[in-house]
Structure formats: structure tokens, C-alpha cells
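Colleague: no FASTA, just this:
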């Protein structure tokens, strides 16, 4: 189990998230290249 910092400063654990149902994880990766 681990703890995440949620918006507003609240601490949320993985167990709390999964207890509410399925978890959807979005990952955004942006590659920046120079000119």
C-alpha cells in the first residue's frame, strides 16, 4: 500500500481508492524536442 498527495493537500492511500471500485489510471507523456 502507498500514499498519494491529492489536490487540496489530502493524503489518499491506494487501499482507499480501490475500496470504492475500479481505478482508472491516465498517463500523459509529452516529448519535447528542440528546433
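Modeller: Received, thanks. Being a predicted model, the structure only gives us computed values, none of them experimental.

Colleague: look up how far residue 16 lies from the nearest residue to residue 11 once chain neighbours are set aside.
Modeller: Of all residues not flanking residue 11 in the chain, residue 3 sits nearest, at 5.2 Å (Cβ to Cβ, 6 or more residues apart in numbering). Yep, even glycine has a C-beta here, placed from its N, CA and C like the rest. Counting by Cβ to Cβ, to the nearest Å, the separation of residue 3 from residue 16 is 9 Å.

Colleague: re earlier: so the residue nearest to residue 11 makes contact with residue 12?
Modeller: Yes: the pair residue 3 / residue 12 is scored as a contact, 6.9 Å apart, by Cβ atoms under 8 Å.

Colleague: so for the spatially closest residue to residue 13 that is not a sequence neighbour, what's the pLDDT?
Modeller: Residue nearest to residue 13 in three dimensions, not counting chain neighbours: residue 3, with 5.2 Å by Cβ to Cβ, 6+ apart. On pLDDT, residue 3 comes in at 88.

Colleague: contacting residues for residue 3?
Modeller: The neighbours of residue 3, taking Cβ atoms under 8 Å, 6 or more residues apart in numbering as the test, are 11-14.

Colleague: for stretch 9-16, which outside residues touch it?
Modeller: Contact partners of stretch 9-16, identified using Cβ under 8 Å, 6+ apart, comprise 1-6.

Colleague: and those, which of them are buried?
Modeller: With neighbours counted by 16 or more other Cβ atoms under 10 Å, those contain no buried members.

Colleague: dump those residues to TSV, plus secondary structure and distance to residue 27.
Modeller: TSV is the format used below for the contacts of stretch 9-16 (DSSP: H, G, I helix; E, B strand; the rest coil; distance: Cβ to Cβ, whole Å):
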residue	secondary structure	distance to residue 27
1	coil	21
2	coil	17
3	strand	19
4	strand	14
5	strand	17
6	coil	17
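
Colleague: got TSV for those residues, with distance to residue 33 too?
Modeller: Putting these into TSV (distance: Cβ to Cβ, whole Å) gives the following:
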residue	distance to residue 33
1	38
2	33
3	35
4	31
5	31
6	33
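
Colleague: which of these lies closest to residue 28?
Modeller: Nearest to residue 28 out of the contacts of stretch 9-16 is residue 4 (Cβ to Cβ; 16.4 Å).

Colleague: all set, thanks.
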